[in-house]
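Chemist: model this:
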Amino acid sequence: MSRIFLVRHGQASWGAENYDALSELGHRQAAATGAWLARQGIDPVRLISGELIRQRDSRAAAAAAAGWRVAPECDPAWDEYDHLAVLAALPAEDPVYAASAASVERRAFDARAFDVVYAAALRRWVLGEGDYPETYAAFTARASAALESLAATLAPKEDAVVVTSGGVISAIGAHLLDGGPLVWDRLQRTVVNASVTQVRVGARGIHLMSFNEASHLGELWSAR
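Modeler: Below you'll find the model as predicted:
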């Protein structure tokens, strides 16, 4: 049996000009997760991240803290969905947008206002309403294919660590639980920064063993 550890990137720069950059806390979270995995005896034969900066930098921080010497890899199959494209596809005449978008456009970044707009945009994306560079169906298929492709490369008792994002991890979780969009949405709302989800690969297939482990983070815990 082999294992795949899916790690969400550390805290990004929510509300800043460039979201795709780790905060100082995010660097510490990623390092804490790498050190924790090393203490569990995890020495991966493959260390992968998506191509996003927050994913690559989290991978580097985790590897440095863990002392892993395996060559890191980048694979865009592990990239998060394009949240900006999802938001941009929400029509301005949508009543939810009209009620809440003003504070977002002012960069006030009121969390409640943003969450209302984002939830409405995600709902349209999941339902396939509008035009997107990548549909929800294509995104979830990409995430599942990335997992299956990686699993096929692992020999028994080999481990892999993948640093990715909450949407990808939730898509894989929903797939392994035979869940649909509702399960995905519920899972992706819970994935915390630098958490660990464990998948096991064996003769009977690929199975979800744990989801969103974060007890090792202690006071470093954060969801956004």
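Chemist: mean pLDDT per helix and strand in this protein: which one sits at the bottom?
Modeler: One helix or strand of the chain scores below all others by mean pLDDT, DSSP states H and E: helix 95-105, with a mean of 53.
Chemist: quick check: what element follows that helix along the chain?
Modeler: helix 111-127 (DSSP states H and E).
Chemist: packing partners of the next helix or strand after that following helix?
Modeler: Next along the chain after helix 111-127, taking DSSP H and E as the criterion, comes helix 136-151. Judged by 3 or more CB pairs under 8 Å, 6 or more residues apart in numbering; DSSP states H and E, helix 136-151 is in contact with strand 2-8, helix 166-176, strand 196-202, strand 205-213. In this view, the C-beta of every residue, glycine as well, is placed from N, C-alpha and C.
Chemist: next, work out how far apart the residue nearest in space to the middle of the chain and H9 are.
Modeler: For the chain, S165 is the residue whose C-alpha lies nearest the centre (CA atoms, centre = their mean; 1.4 Å). Distance of S165 to H9, given as CB to CB, to the nearest Å: 6 Å.
Chemist: got any residues that touch both of these two?
Modeler: 52, 54-55 (CB atoms under 8 Å, 6 or more residues apart in numbering).
Chemist: name the nearest residue to the residue nearest to the centre of the chain, ignoring sequence neighbours.
Modeler: E80 (3.6 Å; CB to CB, 6 or more residues apart in numbering).
Chemist: count of residues packed around the one you found?
Modeler: By other CB atoms under 10 Å, the residues close to E80 number 21.
Chemist: thought it was touching S49?
Modeler: No. Applying CB atoms under 8 Å as the test, E80 and S49 come out as separate, 11.2 Å apart.
Chemist: between those two, what contacts are shared?
Modeler: Overlap of the contact sets of E80 and S49 (by CB under 8 Å, 6+ apart) consists of 55, 164.
Chemist: sorry, back to before: can you lay out the shared contacts of S165 and H9 as JSON lines showing distance to E24 and pLDDT?
Modeler: Output for the shared contacts of S165 and H9, formatted as JSON lines (distance: CB to CB, whole Å; pLDDT from 0 to 100):
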{"residue": "L52", "distance to E24": "18", "pLDDT": "98"}
{"residue": "R54", "distance to E24": "13", "pLDDT": "97"}
{"residue": "Q55", "distance to E24": "17", "pLDDT": "98"}
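Chemist: most neighbours, which of those residues?
Modeler: Busiest of the shared contacts of S165 and H9 [other CB under 10 Å] is Q55, holding 29 neighbours.
Chemist: any stretches of this structure with poor pLDDT?
Modeler: Counting by pLDDT under 70, the chain contains low-confidence ranges at 15-16, 92-111.
Chemist: could you chop it up by domain?
Modeler: The chain resolves into domains spanning 2-81+136-220, 82-133 when parsed by automatic domain parsing.
Chemist: tell me the most buried of those?
Modeler: Of all the domains of the chain, domain 2-81+136-220 has the most neighbours on average by mean count of other CB atoms under 10 Å, namely a mean of 19.
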